[in-house]
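Novice: pasting the sequence and the predicted model now:
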Amino acid sequence: MDNATKTTVTLIELDQETRSNQLDRAKAWFDNVLLTQASCRKLLLDTVEKIEEPHIKQYLTQMYEQEERHEEKARELFSLIDREPSDIRQFLGEIMGKARQGLGDMIAMTGSVTGPWQDLHQLYISNHHSMGAFAVAEQLGLALGIPRIAEIAFGVVAEKSTSQLLIQECVLEMCSKSILYHESF
């Protein structure tokens, strides 16, 4: 074996204080994951109630069940680092979901949009933020050497990616009807 094919492994031992600080920092990020996920779930719940089109309503109802599981997965991340989630962050996430709904209403009012299109549009953005937060959690799991964190986050990101494409399709399919014909769906 020549020098070009040799692999050197370097082990780094962290003291307890350093490791604890890293886990505290990961916990702070996991609180953000919980916040963005709670926001997405709340906005989705409020959006489902406004949709009349049966196929979109059915899909969003199924997505809501998935989002509830994602929130459970977000909470599970904390147990993997022996930390407790912030219930305040989850509550703030729900408030943020309502605020996004208000932003969507303002955009609709100023853009001559009717129906729940603006709610779907805000859901699209919210799901994207939550997906990104889970993706960062995945990287933290890898960096911390806790593969279960990466597994959980990777699974959630994969499901959210599929949802993102379907939400985008709904948004794009319905936008012209909402804007040009003031039709609801």
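Specialist: Right, received. Where do you want to start? Numbers count the residues shown, from 1 in each chain.

Novice: distance of the spatially most central residue of the chain relative to Gln22?
Specialist: Most central in the chain under CA atoms, centre = their mean is Ser130, positioned 1.9 Å from the mean C-alpha point. Per CB to CB, to the nearest Å, Ser130 is found 23 Å from Gln22. Glycine gets a C-beta too; all of them are placed from N, C-alpha and C.

Novice: what about the strands in the protein?
Specialist: Per DSSP state E, the chain carries no strands over any range.

Novice: name the helix or strand of it that has the lowest mean pLDDT.
Specialist: Counting by mean pLDDT, DSSP states H and E, the weakest-scoring helix or strand in the chain turns out to be helix 87-110, with a mean of 70.

Novice: quick check: the residue nearest to the centre of the chain touching Cys40?
Specialist: Yes: using CB atoms under 8 Å, Ser130 makes contact with Cys40 at a distance of 4.4 Å.

Novice: shared neighbours of those two, which are they?
Specialist: His70 (CB atoms under 8 Å, 6 or more residues apart in numbering).

Novice: now for the residue nearest to the centre of the chain: which residues touch it?
Specialist: Val33, Thr36, Gln37, Ser39, Cys40, His70, Lys160.

Novice: try 10 Å this time
Specialist: 32-41, 43, 67, 70-71, 74, 93, 156-157, 160, 163-164 (CB atoms under 10 Å, 6 or more residues apart in numbering).

Novice: same check on Leu92?
Specialist: Asp31, Leu34, Leu35, Ala38, Ser39, Ser86, Ala99.

Novice: repeat that for Ser20.
Specialist: Leu14, Ile81, Asp82.

Novice: pLDDT-wise, what's the bottom of those residues?
Specialist: Lowest in pLDDT among those is Leu14, which has 74.

Novice: you'd agree Leu77 is up against Phe30?
Specialist: Yes: using CB atoms under 10 Å, Leu77 makes contact with Phe30 at a distance of 4.7 Å.

Novice: sorry, back to before: just give me the closest of the contacts of Ser20 to Cys175.
Specialist: Ile81 (41.6 Å; CB to CB).

Novice: spatially nearest residue to that closest one (excluding sequence neighbours)?
Specialist: Leu23 (4.6 Å; CB to CB, 6 or more residues apart in numbering).

Novice: could you do Arg100 as well?
Specialist: Gln122 (4.4 Å).

Novice: would you state the helices of the protein in chain order?
Specialist: For the chain, the helices defined by DSSP state H cover 16-48, 54-79, 87-110, 117-144, 147-180.

Novice: ok, which of those comes nearest Lys6?
Specialist: From the helices of the chain, taking CB to CB, the stretch that ends up closest is helix 117-144, at 24.4 Å.
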